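> compute the structure for the input listed below.
(4 chains)
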4 protein chains.
Amino acid sequence: MSLTPAGKGLRTQLFHLIFESDTPAAKTFDIALIIAILISVAALLLDSVEAYHARFGTVFRYIEWGFTLLFTVELAIRIYCLERPWLYLKSFYGIVDLMAIVPAWLVLVVPGAQSLVLIRILRVLRIFRILRLMEFVGEGRLLLDALKRSLRQIFLFFFSILMVVTLFAALMYAIESPEAGFTSIPISIYWAIVSMTTVGYGDIVPVTPLGKAITVILMLIGYSIIAVPTGVFSAQVIRSIRQDRYSDEACPGCGYDRHEKQALYCLRCGTWLDEYSEDPRKHESSTENDQDT
Amino acid sequence: MSLTPAGKGLRTQLFHLIFESDTPAAKTFDIALIIAILISVAALLLDSVEAYHARFGTVFRYIEWGFTLLFTVELAIRIYCLERPWLYLKSFYGIVDLMAIVPAWLVLVVPGAQSLVLIRILRVLRIFRILRLMEFVGEGRLLLDALKRSLRQIFLFFFSILMVVTLFAALMYAIESPEAGFTSIPISIYWAIVSMTTVGYGDIVPVTPLGKAITVILMLIGYSIIAVPTGVFSAQVIRSIRQDRYSDEACPGCGYDRHEKQALYCLRCGTWLDEYSEDPRKHESSTENDQDT
Amino acid sequence: MSLTPAGKGLRTQLFHLIFESDTPAAKTFDIALIIAILISVAALLLDSVEAYHARFGTVFRYIEWGFTLLFTVELAIRIYCLERPWLYLKSFYGIVDLMAIVPAWLVLVVPGAQSLVLIRILRVLRIFRILRLMEFVGEGRLLLDALKRSLRQIFLFFFSILMVVTLFAALMYAIESPEAGFTSIPISIYWAIVSMTTVGYGDIVPVTPLGKAITVILMLIGYSIIAVPTGVFSAQVIRSIRQDRYSDEACPGCGYDRHEKQALYCLRCGTWLDEYSEDPRKHESSTENDQDT
Amino acid sequence: MSLTPAGKGLRTQLFHLIFESDTPAAKTFDIALIIAILISVAALLLDSVEAYHARFGTVFRYIEWGFTLLFTVELAIRIYCLERPWLYLKSFYGIVDLMAIVPAWLVLVVPGAQSLVLIRILRVLRIFRILRLMEFVGEGRLLLDALKRSLRQIFLFFFSILMVVTLFAALMYAIESPEAGFTSIPISIYWAIVSMTTVGYGDIVPVTPLGKAITVILMLIGYSIIAVPTGVFSAQVIRSIRQDRYSDEACPGCGYDRHEKQALYCLRCGTWLDEYSEDPRKHESSTENDQDT
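Numbers count the residues shown, from 1 in each chain, chains lettered A, B, ... in the order given. As a prediction, the model looks like this:
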């Protein structure tokens, strides 16, 4: 990142503490932050339970405000020790940092009595703090690599599913009566996705024989079509793993180009593969006879 | 396609505009068509919701007729600028084009008062317009390739599933009472597919201990048998990707064209494949040669 | 099979007609048999529907008896034209043939008034006729091959599932009250399998918070553990396909042993691979210089 | 294991009988133990069914005490014939052995009238005896190997699922009313996992249009994200199988031991690998040599 700290001294030290994780202090900071996020999220979860809210409501409110202040101070320090704070605030983790504190402050600003639903949503949005943990997940580069390469096919897959689902939903809307729950095509689409993804809540269920026959087809499609993204993704993961193992460079002797990365000699003709250093054998053989690749 | 336009002038220009997508004008036409289809489908979906139908019913009717006229005119132009319109109308996209407008016109012709169900189905069939989007999805050739090669095994898979399902359905029909919902074998088949595909609506559920034991077996079969199409399809996708490993160039000696990229000699006739360098055998054998390789 | 026909003449001709499928007459016989099985099964299915049984009950009974006689005569002919009929009757298809007719005859013999349930099961068992279709499915050898090689691991998988399921079922039986449906450990096992296979009927559902927490773990295990048989089977299918493509024999020239089956020359050193015939190049080169390769 | 028996004589003989399985006597002991475990577990399962408990309660109690004594004696012998019994008791199988008998004895010690729930759990814990069967499952090394290598990615997968699930649960808690069952965020998390794993009990179901729309997204994520662990695991199983492709023999030159079976030269030091034939390079270079290969 080009977010390197501005001056030396305190700012640089804070930068290393907060943005890096290679010193013992920075590691301690990371772990403390993870624990803070987890406690803050746990408090949110438990506060939503009526019984706990009644008994520990004020405790939860104190915890909530403590962590909101903590995360606010932390963000302030992050901004302080960066050369170009805007670049950070516009980045993914910057937005997540903001989402972790803004809803809590908005609750204060927005007059609560007027719109309880808005307050409720704002309070719940604080859960997005959990996304801050993503920073610590690390790479998973192999998965992302495979995902990126299957992206186009996965998009095609979802698009096909939506077309199939819309057609089946419209058919079922025409066949089944509103009493069975098929009151509109959008509701039928909801039902079709519930059925095709094999979730099957059972809140809407076909009742006519024809509707059941069509449902059977939809379920069989949903059951077997899952093989498509799985197959594509499996293939891409296998490819990602394999490419990790094989070098791209071909043997200068025979052109064979699927050597494992650690190979020093061609497995087919024994040619020395590393063009930047010399074949140790060369030296040995030059004493008696001259070069033998 | 052999649907090339008839004369020069307007027809040819329209042909390029509608059937191709390599000029800016043609691309604009494509995007406009996609938006028209999406709006038309969205109007259909929303019109099926009672509340929206009551309030915006007439608006939806105007939108509907507008797009029906638009698609009709578009199809007329398509037919006009083609040399052999029948060939197009009999093709997949021709049929989809017809299905996008014919139901709307039929609603006018068929006296609505007589069969409301028919009208309802006709109106819903207009949803098939969504299939017109398939034209823009493009190839997905890799997937189709893998699908085609696994077709026979997927058919075998479905056939086996239907046999297993029929047997379990008949057993459950004999064991469970009609009160539990197992009123006939076809209904039991519906239940068996709901269970085996792991959808599990819960509208029909075994009640006797023996019925539950048999259900357990059916569910375990359904749960694990999904590995079969997934495995087959994965293997085929991997194979499709791997064929990238094969060189496209044909052997100058015998024309065989599925050599692995690293092949030096044709696997069929032994001809030296690399046209940019010389066969080492040639040199050796012409000078003196003893054993090479 | 060692079931070759006894004498010449009629028996041999019948044998070729019934047991083989390489003459036009034999193929016609096969197709007629398939249609007969399908109609007979369809009649069984429809007869189980109350409404159809009331209206077409006698028709179904005639169809039933017609096909029972037909299949009985067919089995008699099969036995007649075989040298060792017992070997056939003890084979898989022989047992299926018997199961297709024995229940129908038993209905006559067993006094129906005494045990209606037995009659019901006997009538339903006639559905096993559908298994006779398996004879026409053919090989699917690749799938069976892969299945056979993953068998041990699939058994391990099922055994592990059953252990996990039993432990979770016992826990839930202790935690949840009988009112929630967890009336015994066997019922809890039924619930655990319904949950783990992601079927989720919803007939038995956890109600206590602790029960829900344990259910969440069980569902996540079930959701992700499916990767195990799928992964194993995928790997085996890929291996089956690959082994189909590569020859087992190594090049006599350089020892490379992963040639595709149709390879005539080694892709690495150009050596002639087929030891039973002569390299066509040899002849050509012998005119000027002697052997290369 | 370093649990070798102490002295000769009886203890050594018992050790071979109980801890090994290569003599006929030891095999008989193993099979007897498996049968004992299965009967004991079956008795536990059936005893939990009200009807059986009423009729055969005392029989089950005798069976229970019989097996508890048997397993206690067996454990005593195991401890007796080991040099360092503590090492065994602290191992996985030692703990399982203890768990198989301790709950039964605790039932005696703990006064039952006071805490029926505790008794109930203790009695159910005896089911852990089933884990003793794991000792006989054997290796499954290939699976464990693949599992171990995908562990990190599977953990990442579960962590991502839990984040997604928490976010969706919080959203649904804000959108849906408590009447629909979304009474708290933890309950919503239970619902979200039920939906995402495609279990879909149907005990809690979205009722608002917005809630249904969000559910649709969650279900599609759950439906397709299963491809990730499956893909990763498939790839790892394939890799495990492929390692069969590598030769076991180490290079005589440098000791490197992961050569592909077809390798002729060591990929690390270029040494000729096949000890039964001579390196073609040797010959060429010793005679005259210009370029080889």
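
> quick check: buried residues in the biggest helix by length in chain A?
Counting by DSSP state H, the longest helix found in chain A is helix A:141-175. Neighbour-count burial for helix A:141-175, counted by 16 or more other C-beta atoms under 10 Å in any protein chain shown, picks out A:142-143, A:145-147, A:149-150, A:153-154, A:156-157, A:160-175. Glycine gets a C-beta too; all of them are placed from N, C-alpha and C.

> and stretch A:48-57, by the same measure?
By 16+ other C-beta under 10 Å, the buried positions in stretch A:48-57 come out as A:48-49, A:52, A:56.

> name the element whatever residue of chain A ends up closest to chain C belongs to?
Closest residue of chain A to chain C, C-beta to the nearest C-beta: A:G202 (5.7 Å). A:G202 belongs to no helix or strand when assigned by DSSP states H and E.

> where does it land on pLDDT?
Looking at A:G202, its pLDDT stands at 92.

> and what of A:V110?
In this prediction A:V110 is given a pLDDT of 67.

> repeat that for the one 5 residues further on.
A:S115 is assigned 53 on the pLDDT scale.

> show me the domain layout of chain A.
According to automatic domain parsing, chain A comprises the domains A:10-137, A:141-228.

> can you redo these as CSV with distance to chain B?
Shown next, in CSV, are the domains of chain A (distance: least, C-beta to the nearest C-beta, whole Å):
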stretch, distance to chain B
domain A:10-137, 20
domain A:141-228, 4
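
> of those, flag the one that's most buried.
Sort the domains of chain A by mean neighbour count, taking mean count of other C-beta atoms under 10 Å in any protein chain shown, and domain A:141-228 sits at the top with a mean of 20.

> how about that one and chain D, touching?
Yes - using C-beta under 8 Å from any C-beta of the partner chain, domain A:141-228 reaches chain D at A:142-143, A:146-147, A:154, A:157-158, A:161, A:186-187, A:189-190, A:193-194, A:196-203, A:222, A:226.

> got it, and stretch A:47-66?
Yes - using C-beta under 8 Å from any C-beta, stretch A:47-66 reaches chain D at A:48-50.

> mind listing residues that contact that stretch?
For stretch A:47-66, contacts defined as C-beta atoms under 8 Å, 6 or more residues apart in numbering or on different chains pick out A:39-40, A:43-44, A:46, A:104, A:126, D:173, D:183-186.

> just the mean pLDDT for that stretch, thanks.
88.

> near chain C, which residues of the stretch 51-200 of chain A?
Residues of the stretch 51-200 of chain A lying near chain C (C-beta under 8 Å from any C-beta): A:198-200.

> picking up where we left off before, dump the buried residues of stretch A:48-57 to TSV, plus secondary structure.
Formatted as TSV, the buried residues of stretch A:48-57 follow (DSSP: H, G, I helix; E, B strand; the rest coil):
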residue	secondary structure
A:S48	coil
A:V49	coil
A:Y52	helix
A:F56	helix
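
> out of the residues you listed, which comes closest to D:I217?
A:S48 (21.5 Å; C-beta to C-beta).

> helix or strand for A:F67, which one?
Using DSSP H and E, A:F67 falls in helix A:50-80.

> compare the domains of chain A and give me the one nearest C:V216.
Here domain A:10-137 is closest among the domains of chain A (C-beta to C-beta), at 13.4 Å.

> show me what the helix or strand containing A:Y190 is packed against.
Taking DSSP H and E as the definition, A:Y190 sits inside helix A:185-196. Applying 3 or more C-beta pairs under 8 Å, 6 or more residues apart in numbering or on different chains; DSSP states H and E, one finds that helix A:185-196 makes contact with helix A:141-175, helix A:209-225, helix B:24-47, helix D:209-225.

> would you single out the least confident of these?
helix A:141-175 (a mean of 80).

> what about the nearest residue to A:L45 once chain neighbours are set aside, distance to A:I130?
Sequence neighbours aside, D:I185 is the residue nearest to A:L45 in space, at 4.7 Å (criterion: C-beta to C-beta, 6 or more residues apart in numbering or on different chains). As judged by C-beta to C-beta, to the nearest Å, D:I185 and A:I130 stand 12 Å apart.

> which neighbours do those two share?
D:T166.

> got the buried residues for stretch A:231-244?
For stretch A:231-244, using 16+ other C-beta under 10 Å, the buried residues are A:231-241.

> what packs against the helix or strand that contains A:A235?
Secondary structure from DSSP H and E places A:A235 in helix A:227-245. Applying 3+ C-beta pairs under 8 Å, 6+ apart, one finds that helix A:227-245 makes contact with helix A:141-175, helix B:141-175, helix B:227-242, helix D:227-242.

> helix, strand, or coil at A:L82?
Secondary structure for A:L82, judged by three-state DSSP, is coil.

> and the domains of chain A as TSV, adding distance to D:L75?
Listed next are the domains of chain A as TSV, based on distance: least, C-beta to C-beta, whole Å:
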stretch	distance to D:L75
domain A:10-137	41
domain A:141-228	45
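
> OK, contacts around the nearest residue in space to A:I204 that is not next to it in sequence?
Nearest non-adjacent residue to A:I204, counting by C-beta to C-beta, 6+ apart: A:G181, 3.6 Å away. A:G181 makes contacts with A:187, A:191, A:203-205, as judged by C-beta under 8 Å, 6+ apart.

> and what of A:L38?
So A:L38 contacts A:L133 (C-beta under 8 Å, 6+ apart).

> if I look at it, how far off is A:I77?
A:L38 sits 21 Å away from A:I77, going by C-beta to C-beta.

> which of the buried residues of stretch A:48-57 sits closest to A:V109?
Top of the list for closeness to A:V109, among the buried residues of stretch A:48-57 and by C-beta to C-beta, is A:S48 at 22.1 Å.

> returning to what we had before: between the residues of the stretch 51-200 of chain A next to chain C, which sits nearest chain D?
Set against chain D, the nearest of those by C-beta to the nearest C-beta is A:V199 (3.6 Å).

> which SS class is the closest residue to the closest one other than its chain neighbours?
Nearest residue to A:V199, sequence neighbours excluded (C-beta to C-beta, 6+ apart): D:G200, at 3.6 Å. Taken by three-state DSSP, the conformation at D:G200 corresponds to coil.

> next one: phi and psi at D:G200?
Dihedral angles phi and psi of D:G200 (degrees, to the nearest 10) take the values phi 60, psi 60.

> re the thing from before, just the angle between the helix holding A:A235 and helix C:227-245, please?
70 degrees (axes from the mean of the first three to the mean of the last three C-alpha atoms, to 10 degrees).

> could you pull up the mean pLDDT of helix A:227-245?
76.

> which residues are contacting that helix?
With contacts defined as C-beta under 8 Å, 6+ apart, helix A:227-245 is touched by A:142-143, A:145-147, A:149-150, A:153-154, A:157, A:260-261, B:143, B:146-147, B:226, B:229-230, B:232-238, B:240-241, C:230, C:234, D:224, D:226-228, D:230-232, D:234-235, D:238-239.

> my read: the residue nearest to A:V199 touches A:M196, true?
No - with contact defined as C-beta atoms under 8 Å, D:G200 does not reach A:M196; the gap is 11.9 Å.

> could I get the helices and strands packed on helix A:227-245 in a markdown table, plus columns for distance to A:H16?
Below are these laid out as a markdown table (distance: least, C-beta to C-beta, whole Å):
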| stretch | distance to A:H16 |
| --- | --- |
| helix A:141-175 | 24 |
| helix B:141-175 | 47 |
| helix B:227-242 | 44 |
| helix D:227-242 | 35 |
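
> just the CA coordinates of the helix holding A:A235, formatted as PDB?
The C-alpha trace of helix A:227-245 is given here as PDB (Å, rounded to 0.1, in the frame of the first residue of the first chain):
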ATOM      1  CA  ALA A 227     -22.500 -30.300 -10.100                       C
ATOM      2  CA  VAL A 228     -21.800 -27.500 -12.600                       C
ATOM      3  CA  PRO A 229     -20.300 -24.900 -10.300                       C
ATOM      4  CA  THR A 230     -18.700 -27.600  -8.200                       C
ATOM      5  CA  GLY A 231     -17.100 -29.200 -11.200                       C
ATOM      6  CA  VAL A 232     -15.900 -25.900 -12.600                       C
ATOM      7  CA  PHE A 233     -14.500 -24.800  -9.300                       C
ATOM      8  CA  SER A 234     -12.800 -28.200  -8.600                       C
ATOM      9  CA  ALA A 235     -11.100 -28.000 -11.900                       C
ATOM     10  CA  GLN A 236      -9.900 -24.500 -11.200                       C
ATOM     11  CA  VAL A 237      -8.600 -25.400  -7.800                       C
ATOM     12  CA  ILE A 238      -6.700 -28.300  -9.200                       C
ATOM     13  CA  ARG A 239      -5.300 -26.100 -11.900                       C
ATOM     14  CA  SER A 240      -4.200 -23.500  -9.300                       C
ATOM     15  CA  ILE A 241      -2.500 -26.100  -7.200                       C
ATOM     16  CA  ARG A 242      -0.800 -27.700 -10.200                       C
ATOM     17  CA  GLN A 243       0.500 -24.400 -11.500                       C
ATOM     18  CA  ASP A 244       2.000 -23.800  -8.200                       C
ATOM     19  CA  ARG A 245       4.000 -26.900  -8.600                       C
END
